[in-house]
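Undergrad: Got a predicted structure plus its sequence, pasted below:
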Amino acid sequence: MKYGKPPTSLAEQIRLLDSRGMVIVDPDAAGFYLSHIGYYRLRGYWIPFEEPVTDGTTHRFRRGTTFERVLNLYTFDRELRLLVNDAIERVEISVRNQWVDALAQKDGAHAYLKSSLFAGYRYYGKGLAEITREFEQSKEPYIRHYKKRYKEPDLPPLWVAVSIMTLGQFSHWFSNLKHTAVRTRIAKVYDLDEAVLSSFLHHLTVIRNLCAHHARLWNREVTVTMKLPRTKPASLVPNLDIGPDPNRAPRRIYNTLVMLAYLMDRISPGHRWKQRLFELMERHRVEARQMGFPADYRERPLWRV
């Protein structure tokens, strides 16, 4: 099928929304936000307000749907992404540092250059090539300093190399460690199973990418879920939404938020991340169930703040 929809003006977009039943109190304000956010991006936030399609062509809004309610959800989601990204940054930096310490203490400052520590020559070679390329192209002062002062080896020590990895690259370096005992040592810092931590790091790369590309987190079904802990730690498991299928994690953002809140408790004493999440939800009057929160979530230990 050939795409045949023509572009529309702001006035046409507003008339279309009005004809489908959306209440637009201030057309000028609606036009302003449509011009700066875009019809297509906002559409993801008004779809839940649409009546079920019966004839395959019309998209009527439920009675009382206002442009302001849609915009409120968009604003909430933008602030949610910032909050989630804040936690991801702290978790990522913590795990990176634990990875560096675990390798450096046993195998030296350039342990990542020892292919014997990693599984799969192809995956190891690809990862090393990525670091080499980033190192050669980097203009960071600390990279220039290393290049100027040291000639051997050609690549920098672990603590420098890890700083030029993306989260996706780092998650592969972590999961590609040949010896389970090393991953276990790192995961033990967080009282997690190494397979759970490895899976969560991979999952976070997807969430980070959604945040970086301004994609919707609110009421989203995440394509890449994570391996959920089943028995330990005891302080974490009761807070998760395991779902009816023990082999398949629910796809809403709730379990991601649980894992981030749990890890924030361990690595950032005194944080107010959970309180900020609740304040955000209350300020925008967002229904928690739309993000996969179970009805009794405030009674679960992790969320008692």
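TA: Sure thing, it's come through. If you're wondering where the values come from, they're calculated on a predicted model, not measured in any experiment. Numbering: from 1, shown residues only.
Undergrad: how about stretch 180-196: buried residues?
TA: When burial is assessed from 16 or more other CB atoms under 10 Å, stretch 180-196 yields the following buried residues: 182-187, 189-190, 192-194, 196. (C-beta placed from N, C-alpha, C; glycine too.)
Undergrad: Kindly report the same for stretch 82-90.
TA: Within stretch 82-90, the residues that qualify as buried by neighbour count (16+ other CB under 10 Å) are 83-84, 86-88, 90.
Undergrad: possible to save those residues as a markdown table with secondary structure, pLDDT and distance to L42?
TA: Written out in a markdown table, the entries for the buried residues of stretch 82-90 read as follows (DSSP: H, G, I helix; E, B strand; the rest coil; pLDDT from 0 to 100; distance: CB to CB, whole Å):
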| residue | secondary structure | pLDDT | distance to L42 |
| --- | --- | --- | --- |
| L83 | helix | 98 | 21 |
| V84 | helix | 98 | 20 |
| D86 | helix | 97 | 25 |
| A87 | helix | 98 | 26 |
| I88 | helix | 98 | 25 |
| R90 | helix | 97 | 31 |
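Undergrad: which residues are contacting the worst-scoring helix or strand of the chain on mean pLDDT?
TA: Across the helices and strands of the chain, mean confidence by mean pLDDT, DSSP states H and E is lowest for helix 141-149: a mean of 90. The set of residues external to helix 141-149 that reach it, using CB atoms under 8 Å, 6 or more residues apart in numbering, is 135, 156, 160, 163-164.
Undergrad: same check, this time on stretch 60-73
TA: Taking contacts as CB under 8 Å, 6+ apart, the residues outside stretch 60-73 that touch it are 17, 20-25, 29-30, 33, 42, 45-46, 49-51, 218, 284-286.
Undergrad: one more time with 6 Å, if that's ok
TA: With contacts defined as CB atoms under 6 Å, 6 or more residues apart in numbering, stretch 60-73 is touched by 20-24, 30, 33, 45-46, 49-51, 284.
Undergrad: closest to P244 among the buried residues of stretch 82-90?
TA: Proximity to P244 was ranked across the buried residues of stretch 82-90 by CB to CB; first place goes to V84, at 26.0 Å.
Undergrad: rewinding a little: could you tell me which of the contacts of stretch 60-73 count as buried?
TA: 21-22, 24, 30, 33, 45-46, 49-50, 284.
Undergrad: Those in helices, which ones?
TA: 30, 33, 45-46 (DSSP state H).
Undergrad: Save those residues as TSV, and put in pLDDT and distance to A102 too.
TA: Rendered in TSV, the data for these read as follows (pLDDT from 0 to 100; distance: CB to CB, whole Å):
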residue	pLDDT	distance to A102
A30	97	54
Y33	97	49
Y45	96	43
W46	95	48
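Undergrad: Mind picking the two most distant members of the residues you listed?
TA: Greatest spacing in these, by CB to CB: A30 and Y45 (13.4 Å).
Undergrad: Give me the pLDDT value at Y254.
TA: In this prediction, Y254 carries a pLDDT score of 96.
Undergrad: do the same with P7
TA: In the predicted model, P7 carries a pLDDT score of 84.
Undergrad: Then A104?
TA: pLDDT for A104: 96.
Undergrad: Would you point out which residue is most central in the protein?
TA: I207 (2.1 Å; CA atoms, centre = their mean).
Undergrad: Give me the buried stretch members for whichever strand or helix holds that one, please.
TA: Taking DSSP states H and E as the definition, one finds I207 inside helix 194-212. Of the residues in helix 194-212, 194, 196-208, 210-211 count as buried by neighbour count, 16+ other CB under 10 Å.
Undergrad: ok, and the closest non-adjacent residue to Y123?
TA: Residue nearest to Y123 in three dimensions, not counting chain neighbours: N176, with 5.4 Å by CB to CB, 6 or more residues apart in numbering.
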